[in-house]
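> After the sequence you'll find the predicted model.
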Amino acid sequence: MNRYQEIIELNNNSNLKYKIGEGNSNILKEKNETFERINNYMSLDFYIPNLKERKQVIKFYGFPTDEDNICLASYYTTLAEEDVFGIKVGTTLANAEEILISHGYLKNGDNFSNGVVHIKFNMLSTEKNVINNIEISLKSKYLGNRLY
């Protein structure tokens, strides 16, 4: 991941329980974390603590292409103690936008991107400007040469 400055910057300026780009898909077992694992065709998905509660979701898939080794390439959180560049659940979208743009991110609707890193904020239905959860993902290129 050292060749992707945007991933390094994200990890260095965020407070996430797991680091984006982490290659160890056993990190939940090693930390005795409660989780529910879902095997998808192209990814390993872990719902923390389970699929129903879904406070966090981490997904491991091939990056930078679907044929590369898997890494933690998608992260979803509803936890107020986690943040991305200081943006937490409960932050307004206007504040989040200002922060991400100052870090070189481009806005496209509710999505922000910087190189291979994509960040999306979902809002509370009753308070449309307040962030309810944060999704981070790495854009992986689908080569389509594997049979899944």
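Cool, got the structure.

> Which stretches in the protein count as strands?
Using DSSP state E, the strands of the chain run over residues 14-15, 36-39, 44-48, 56-62, 70-77, 83-84, 106-108, 111-114, 117-123, 131-138.

> Which of these comes out lowest on mean pLDDT?
Looking at these, the lowest mean pLDDT belongs to strand 36-39 (a mean of 87).

> what are the pairing partners of it, and which direction each?
strand 44-48 (antiparallel) (DSSP bridges).

> Just the residues contacting the strand it pairs with, thanks.
Applying Cβ atoms under 8 Å, 6 or more residues apart in numbering, the external contacts of strand 44-48 come out as 25, 28, 33-39, 53-61, 70. Every C-beta, even on glycine, is put in place using the N, C-alpha and C of the backbone.

> again, but for stretch 12-22
1, 4, 7, 10-11, 27, 56, 58, 63, 71-73, 75, 77, 79, 81-86, 103, 117, 136, 138.

> now those residues: which count as buried?
1, 4, 7, 10, 27, 56, 58, 63, 71-73, 75, 77, 79, 82-85, 103, 117, 136, 138 (16 or more other Cβ atoms under 10 Å).
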